[in-house]
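Visitor: Fold the following.
(one chain, ligands or ions: 1)
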Amino acid sequence: MAEHAARSCCLGWDFSTQQVKVVAIDAEMNVFYEDSVHFDRDLPEFGTQGGVHVHKDRLTVTSPVLMWIQALDIILEKMKASGFDFSQVLALSGAGQQHGSIYWKTGASLALTTLSPDLPLHQQLQACFSISDCPVWMDSSTTAQCRQLEAAVGGAQTLSCLTGSRAYERFTGNQIAKICQQNHEAYSHTERISLVSSFAASLFLGSYSPIDYSDGSGMNLLQIQDKVWSQTCLDACAPHLEEKLGTPVPSCSVVGAISSYYVQRYGFPPGCKVVAFTGDNPASLAGMRLEEGDIAVSLGTSDTLFLWLQEPTPALEGHIFCNPVDPQHYMALLCFKNGSLMREKIRDECASCCWNEFSKALQSTKMGNGGNLGFYFDVMEITPEIIGRHRFDAENHEVPAFPRDVEIRALIEGQFMAKRIHAEALGYRVMPKTKILATGGASHNKDILQVLADVFGAPVYVIDTANSACVGSAYQAFHDLTGGTDVPFTEVVKLAPNPRLAATPSPGASQVYEALLPRYAKLEQRVLFQTQRILE
Ligand SMILES: O=C(CO)[C@@H](O)[C@H](O)CF
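Guide: Residues are numbered from 1 along each chain as shown. This is a model prediction of the structure:
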């Protein structure tokens, strides 16, 4: 890569499932450098697939912590070889895949604080971990621990109100409980437990970084209203846990200056600030510059909704996290498993495998689809737990089939009505200034986006979120440089490129869907009840 002109900047890191990524952003919010190290391709000696090891039980999923450290060594050397001017880095922050946990062995802090600039990190830290293969978010082996935790606090809804989510297998508290129960020797020789985000921050700090409120909200351990650990949850998971976790901090906190290791080995300025790292989804919310009342819809293999909430109503579906940008507010995450795979199936069955035909069907059918409603879940849905295809006519009679064009509209209207209904159940409300930010594969189809705008009654914008977690982390670094919460985040990032308007609500859309949404909600409950009876 060409020699870079010296310009003050911030770095944004992302320690994601499959790679470590970095972007450099200048004061005009331009991304002028990006790089990545792909675990499977660049570190084949660890033998991961998609950055993880899926164990024989098909439930346990881990990643080797030394792989993450070696990836950081490689990416820093790549930046150095490319002539990147580290002396211009004013601050850095980052993100990590949520829920993963790292177990620092007793005495590891000494190695972390006395790093020699003559050696790479991985050679100096290889004896610092009591668990070498760390559980990550794809793990689903802790169902027993989830039930124990919910029982200890008084049930799933109580846990959700306390920590923002009912117990989920991937959530860190349940993972720690499993390690404490099944590998107590390792647990007792652990002096610090980090999330992937705070682990990465610790590498740059040269000491243990605290866990931030947002990523800490993904553990089933943090009281999201008071922003302190729930002693009941800690005690239910493992003994002496609070001392191993440290005290959580606001997501836009400076946690220290960069370790002298990076000053001497790479030329970072001694005053380079390290801003608390957070989870990849909270960082993406910052990267998409979501504001109060906005909603981000990622239309991918599974569909994910990011919501900005002032007053959340925790439920048994979805997740409420502390907001990474405004410590007084919250964010929510809703995952819908039957996303683009379902859209592609109906395209193949009803539009001759052709997106243009699919779009023509949406153009030729009216909003509300003549009262026909459909539920399309070829794999067990997460939100809510329904499986199968269920179609209803205008009189709520279940019918075996729809004409092709009606089927296509019923799929898309149903997917978006479900999103609105479950978002509103978490406390979300469409506001006059609401923007919908669409991203992911299906956001390239303007007819699908038109239905999204009509169902929500709000304008739809499209944004590129390829590096949203990295970019959001760099924005956070800048935010802290310019005064932290004293200066609105939106003010700091106002020069960033704006999203493109793609669709606005059709005339009469709100009347149509205000009438249809309650019907859809009632029929969803009916189908949910049917599914639960079948599964019993
Ligand atoms: O489990 C998740 C969120 O709850 C995933 O989005 C991970 O953060 C992906 F790394």
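Visitor: Per-residue pLDDT of the closest residue to residue 509 other than its chain neighbours, please?
Guide: Closest residue to residue 509 apart from its sequence neighbours, by C-beta to C-beta, 6 or more residues apart in numbering: residue 454 at 3.9 Å. To be clear about C-beta, it is placed using only N, CA and C from the backbone, and glycine gets the same treatment. We have a pLDDT of 98 for residue 454.
Visitor: what do you get for the one 3 residues further on?
Guide: Residue 457 is assigned a predicted lDDT (pLDDT) of 97.
Visitor: Ok, residue 5 next?
Guide: We have a pLDDT of 58 for residue 5.
Visitor: Make 260 the first number, not 1, from now on.
Guide: All set: I'll call the first residue 260, so the last point we hit is now residue 264.
Visitor: where's the spatially most central residue of the chain relative to residue 603, distance?
Guide: Residue closest to the average C-alpha location in the chain (C-alpha atoms, centre = their mean): residue 540, at 2.5 Å. According to C-beta to C-beta, to the nearest Å, residue 540 stands 24 Å off from residue 603.
Visitor: For residue 727, which residues are in contact?
Guide: Residue 727 makes contact with 542, 543, 546, 547, 698 under the criterion C-beta atoms under 8 Å, 6 or more residues apart in numbering.
Visitor: buried residues in stretch 642-652?
Guide: 642, 643, 645, 646, 648, 649, 650, 651 (16 or more other C-beta atoms under 10 Å).
Visitor: returning to what we had before: gap between the residue nearest to the centre of the chain and residue 520?
Guide: 30 Å.
Visitor: again, but for residue 369
Guide: For residue 369, the distance to residue 520 - C-beta to C-beta - is 14 Å.
Visitor: got it, and residue 473?
Guide: In this view, residue 473 and residue 520 are 27 Å apart by C-beta to C-beta.
Visitor: Of these two, which one has the most company?
Guide: residue 473 (33 against 22; other C-beta atoms under 10 Å).
Visitor: Secondary structure element holding the more buried one?
Guide: helix 472-475 (DSSP states H and E).
Visitor: Any figure for the gap between the residue nearest to residue 768 and the ligand?
Guide: Between residue 713 and the ligand the computed distance is 28 Å (C-beta to the nearest ligand atom, to the nearest Å).
Visitor: In contact with that residue, which residues are there?
Guide: Residue 713 neighbours (C-beta under 8 Å, 6+ apart): 626, 764, 765, 768, 771, 772.
Visitor: again, only this time at 10 Å
Guide: Contacts for residue 713 (C-beta atoms under 10 Å, 6 or more residues apart in numbering) come out as 626-627, 672, 675, 719, 762-769, 771-772.
Visitor: Show me which residues of this protein are close to the ligand?
Guide: Applying C-beta under 6 Å from any ligand atom, we find that the chain lies next to the ligand at 275-276, 356-358, 396, 429, 477, 538-540, 578, 592.
Visitor: Narrow those to those in strands?
Guide: Within the residues of the chain next to the ligand, residues falling in strands by DSSP state E are 538, 578, 592.
Visitor: what about the second one, how many neighbours?
Guide: When you say that, I think you mean residue 578. 24.
Visitor: ok, now which ones touch it?
Guide: Contact analysis of residue 578 by C-beta under 10 Å, 6+ apart lists 357, 419, 422-425, 427, 430, 476-477, 540, 571, 590-594, 685.
Visitor: mind checking the longest helix of the protein?
Guide: Ranked by residue count and defined by DSSP state H, the top helix of the chain is helix 768-794.
Visitor: Buried residues, that one. List them.
Guide: 768, 769, 771, 772, 775, 776, 779, 780, 782, 783, 786, 790.
Visitor: And the helices in the stretch 560-709 of the chain?
Guide: Assigned by DSSP state H, counting those that start in this stretch, the stretch 560-709 of the chain shows helices spanning 599-609, 614-623, 663-684, 705-715.
Visitor: next structured bit after the worst-scoring helix or strand of the chain on mean pLDDT?
Guide: Using mean pLDDT, DSSP states H and E, the weakest-scoring helix or strand in the chain turns out to be helix 748-751, at a mean of 90. Downstream of helix 748-751, the first helix or strand assigned by DSSP H and E is strand 759-762.
Visitor: other SSEs contacting that next one?
Guide: Secondary-structure packing of strand 759-762 (3 or more C-beta pairs under 10 Å, 6 or more residues apart in numbering; DSSP states H and E): strand 695-698, helix 705-715, strand 719-721.
Visitor: Tell me who's in contact with the closest residue to residue 726 other than its chain neighbours.
Guide: Leaving aside its chain neighbours, residue 726 sits nearest to residue 282 (5.4 Å; criterion: C-beta to C-beta, 6+ apart). By C-beta under 10 Å, 6+ apart, the contact set of residue 282 is 268-273, 290-295, 546, 725-726, 728-733.
Visitor: can you do 7 Å?
Guide: Taking C-beta atoms under 7 Å, 6 or more residues apart in numbering, we find residue 282 in contact with 271, 290, 292, 293, 726, 729, 730, 733.
Visitor: could I get these as JSON lines with neighbour count and distance to residue 332?
Guide: Shown next, in JSON lines, are the contacts of residue 282 (neighbours: other C-beta atoms under 10 Å; distance: C-beta to C-beta, whole Å):
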{"residue": "271", "neighbour count": "33", "distance to residue 332": "19"}
{"residue": "290", "neighbour count": "17", "distance to residue 332": "23"}
{"residue": "292", "neighbour count": "17", "distance to residue 332": "18"}
{"residue": "293", "neighbour count": "16", "distance to residue 332": "18"}
{"residue": "726", "neighbour count": "21", "distance to residue 332": "21"}
{"residue": "729", "neighbour count": "30", "distance to residue 332": "18"}
{"residue": "730", "neighbour count": "28", "distance to residue 332": "23"}
{"residue": "733", "neighbour count": "31", "distance to residue 332": "21"}
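Visitor: which one of these is nearest the ligand?
Guide: Nearest to the ligand among these, counting by C-beta to the nearest ligand atom, is residue 729 at 13.4 Å.
Visitor: could you give the mean pLDDT of the helix or strand containing that closest one?
Guide: Element membership of residue 729, judged by DSSP H and E, is helix 727-740. The average of the pLDDT scores along helix 727-740 is 95.
Visitor: Stretch 272-289 too?
Guide: Confidence over stretch 272-289, taken as the mean pLDDT, stands at 96.
Visitor: And the residue in the stretch 410-559 of the chain positioned nearest to the ligand, how far from residue 687?
Guide: Proximity of the stretch 410-559 of the chain to the ligand (C-beta to the nearest ligand atom) peaks at residue 539, 4.9 Å away. Going from residue 539 to residue 687 by C-beta to C-beta gives 21 Å.
Visitor: Residue 430 now?
Guide: 22 Å.
Visitor: same question, residue 543
Guide: Taken as C-beta to C-beta, the span from residue 543 to residue 687 is 17 Å.
Visitor: who's more crowded, these two?
Guide: residue 543 (29 against 25).
Visitor: Could you list the low-pLDDT ranges of the stretch 560-709 of the chain?
Guide: Scanning the stretch 560-709 of the chain for pLDDT under 70 picks out no residues.
Visitor: Mind doing that once more with 90?
Guide: 560-561, 600, 638-639, 641, 644, 699-700 (pLDDT under 90).
Visitor: For the stretch 360-509 of the chain, which residue gets nearest to the ligand?
Guide: Taking C-beta to the nearest ligand atom, the stretch 360-509 of the chain has residue 396 as its residue nearest the ligand, at 3.8 Å.
Visitor: just checking, that residue touches residue 356?
Guide: Yes. Counting by C-beta atoms under 7 Å, residue 396 does reach residue 356; the two are 5.7 Å apart.
Visitor: Quick check: neighbours shared by the two?
Guide: Counting by C-beta under 7 Å, 6+ apart, residue 396 and residue 356 have no common neighbour.
Visitor: For the residue lying farthest from the centre of the chain, what are phi and psi?
Guide: For the chain, the largest distance from the centre (C-alpha atoms, centre = their mean) belongs to residue 654, which lies 39.5 Å off. The phi and psi torsions at residue 654 (degrees, to the nearest 10) take the values phi -100, psi 10.
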